[in-house]
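1. got a predicted structure plus its sequence, pasted below:
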Amino acid sequence: MQGYDATYAAWRADPEGYWREAARGIDWERAPAAIFDPKAGVYGRWFPDARLNTCHNALDRHVAAGRGAQPALHYDSPVTGRSRSFTYDELLARVAKLAGALAARGIAAGDRVVIYLPMVPEAAIAMLACARLGAVHSVVFGGFAAAELAARIADARPKLVISASCGIEPGRVVAYKPLLDAAIGLSPHKPDHCLILRRPELDCTLTPGRDEDLLEAEAAATPHPCVPVAATDPLYILYTSGTTGKPKGVVRDNGGHAVALHNSMRMLYGLGAGDVMFTASDVGWVVGHSYIVYAPLLAGATTVLYEGKPVGTPDASAFWRVCAQYRVTAMFTAPTAMRAIKREDPEGRLMAGHDLSALQALFLAGERCDPPTAEWAAGLLRRPVIDHWWQTETGWAITGNFRGLGLFEPRFGSGGKPSPGYEVAALDDAGQPQPPGETGTLAIRLPMPPGCLPTLWQADDRCREAYLEAFPGWYNTSDAGVIDADGYVSVMSRTDDIINVAGHRLSTGAMEEVLAGHPDVAECAVLGVKDSLKGQVPLGLVVLKSGVARPEADLARELVALVRERIGPVAAFKDAKVVTRLPKTRSGKILRATLRKIADGESYAVPPTIDDPAILEEMQASLGR
């Protein structure tokens, strides 16, 4: 591939030509003659006249090309002590049989299937089986509360649910079947069938007339061939939190998704057939959809599906052990995972003894990576550490650094430069691009590239209102950040994390970067809390590195001095508190909005994505609320 500058310029000069060329990497039943229809859908549709099958592109074509004996998926589960590898031949056989089982129960193209599973091979097999039939899967994070699962069942209206008897967390077993039963009871829509994976750690009772054993149903089925669908037909619905309390069903179409993800594997990650990608996420999140399941298989690579944690299963060497054992080429995880490893093993001693010679790069996404953590990882690994920025709605990177185009100079704290396909600007409140270095709302000029959401599930108007109305002609990311004179994009915070201190608009992310640079701080969050004089003032919450113990007042003085030195007195940063941990989602994002409500003494709802609800009581005690 050409270098970054030339490739980005080629896309700008001829967007349709760029994506026409990218589409040649995909097998089509009917290749696209039209590349983009600006009059279709909410903002236009990609490959409107084409037909394909995503499962064929992920599995069948690689087997046909002679790579059936190559590993397709390594399952590694330190929480159960089990592991297994699947070749492309073996994975295709499982997927075709499960597709047959679904078809025998009335599932056809366009029908919805909710998947509520832990990180087991059957999660990926179920997703691909739905894609094989042209059915629409909606994966719900395993262990989600019954009310949240019920809301998704009510909105997607699935004919069938695939679930498990339980999930395994470090030190505990989470019973899924009672949560599923309660959710179906709460939902006005009832699925016709449930297929249940019965795990040896905790069995369950099947509901007569509705539930069947998943593996028995699969074993008895006849393998089903791929069903071609329109490129614009939905592949999946992935729900993300909505400000109204009703989840937003982000839709991903088949054609644009396959083209964009296949293109991203070589361009962004520098990976192709035979390489091994370890994405330490969950299939319940967009990262798991894109880079555990679909993109590696579309590229003919090998993917690692890991059922465990970065620390505690058994210790902070877990990721390095996986990289060594499976000869991982590139690893992708969230900054919070690196911070957890850094906190437990700041010197990197647990990395010793693991052969990481195959590892070529570490990619980070999910939230902005603070520069000290990126620098720490780069220093230990002596390999590129690449922060890149994207969202559930986009499905692949808005910005990054591009191994397939020749890496440019990294700048820790920045998510890199825009991917070909995205024109990004920092807009002021009037929708005008800000000059370099000025904070604004980061927005993407329409149309969005292939792979991004074409709409929300059965909610075109809600899609326009949520993303397109604030800045006509632009998609509003609701992320705040800056673009420097060289085109590097830095995402500092969500727009609701920009605080107003006596009329000055300040980024909490910039202050967090300063706090994270203190040698005793493992991770941190800065909140804007109410102040009768200045409107808002920042409050820092810090978690200390393992083994560090010191007077809180002394540390607070040092942190206040650091912020005053590096940002200035205008930040009005005068208070920092030490906490034992920060509340996070299961994907590792800090729940800043909930923390802000606790600090302001406001009522709040327990977020459905929270990893451990008990921590909120700790935060109330720590913040004196």
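-> Everything's here; your move.
2. CA atoms for contacts and neighbours, from now on please.
-> Noted.
3. at which residues are the strands of the stretch 251-400 of the chain located?
-> Applying DSSP state E, counting those that start in this stretch to the stretch 251-400 of the chain gives strands spanning 276-279, 302-306, 330-333, 361-364, 385-387, 399-400.
4. out of those strands, which comes closest to Trp46?
-> strand 399-400 (20.7 Å; C-alpha to C-alpha).
5. what comes up buried for the longest helix along the chain?
-> The single longest helix within the chain, with elements called by DSSP state H, is helix 88-104. Within helix 88-104, the residues that count as buried by 16 or more other C-alpha atoms under 10 Å are 88-103.
6. which one of those residues is nearest Leu544?
-> For those, with Leu544 as the reference and C-alpha to C-alpha as the criterion, the closest is Leu91, at 44.0 Å.
7. you'd agree the closest one is up against His74?
-> No - if you go by C-alpha atoms under 8 Å, Leu91 and His74 don't touch, sitting 10.7 Å apart.
8. give me the neighbour count for Ala40.
-> Per other C-alpha atoms under 10 Å, the neighbour tally for Ala40 reads 12.
9. so Arg596 is in which element?
-> Arg596 is part of helix 592-599 when elements are defined by DSSP states H and E.
10. the stretch 301-450 of the chain: helices as residue ranges?
-> Along the stretch 301-450 of the chain, the stretches classed as helices by DSSP state H, counting those that start in this stretch are 318-325, 335-344, 371-381.
11. what's the per-residue pLDDT of the nearest residue to Tyr176 once chain neighbours are set aside here?
-> On the basis of C-alpha to C-alpha, 6 or more residues apart in numbering, the spatially nearest residue to Tyr176 that is not a chain neighbour turns out to be Cys166, at 4.7 Å. Here, the pLDDT recorded for Cys166 equals 97.
12. quick one, phi/psi of Cys166?
-> Torsion angles at Cys166 (phi, psi; degrees, to the nearest 10) stand at phi -160, psi 170.
13. return the residues in contact with it.
-> Contacts were defined as C-alpha atoms under 8 Å, 6 or more residues apart in numbering; by that measure Cys166 touches Pro118, Val173, Val174, Ala175, Tyr176, Lys177, Arg198, Arg199, Glu201, Leu202, Asp203.
14. now do 6 Å
-> Neighbour list for Cys166: Val174, Ala175, Tyr176 [criterion: C-alpha atoms under 6 Å, 6 or more residues apart in numbering].
15. same question, Val174
-> Val174 neighbours (C-alpha under 6 Å, 6+ apart): Cys166, Gly167.
16. then Asp428?
-> Per C-alpha under 6 Å, 6+ apart, neighbours of Asp428: Gly440.
17. distance of it from Val491?
-> 15 Å (C-alpha to C-alpha, to the nearest Å).
18. try Gln70
-> Distance, Gln70 to Val491, by C-alpha to C-alpha: 39 Å.
19. quick one: least confident helix or strand in the protein?
-> strand 504-507 (a mean of 62; mean pLDDT, DSSP states H and E).
20. that strand: what's the following helix or strand?
-> helix 508-516.
21. C-alpha coordinates for the next helix or strand after that following helix, PDB please?
-> Next helix or strand after helix 508-516 toward the C-terminus (DSSP H and E): strand 521-531. Extracted in PDB, the C-alpha atoms of strand 521-531 (Å, rounded to 0.1, in the frame of the first residue of the first chain):
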ATOM      1  CA  VAL A 521      -0.700   7.500  40.500                       C
ATOM      2  CA  ALA A 522      -1.900   4.400  38.800                       C
ATOM      3  CA  GLU A 523      -5.100   5.900  37.400                       C
ATOM      4  CA  CYS A 524      -7.300   8.900  37.900                       C
ATOM      5  CA  ALA A 525     -10.500  10.800  37.000                       C
ATOM      6  CA  VAL A 526     -11.200  14.500  37.100                       C
ATOM      7  CA  LEU A 527     -14.800  15.700  37.600                       C
ATOM      8  CA  GLY A 528     -16.400  19.100  37.400                       C
ATOM      9  CA  VAL A 529     -18.400  19.600  40.600                       C
ATOM     10  CA  LYS A 530     -20.800  22.300  41.300                       C
ATOM     11  CA  ASP A 531     -19.400  25.500  42.900                       C
END
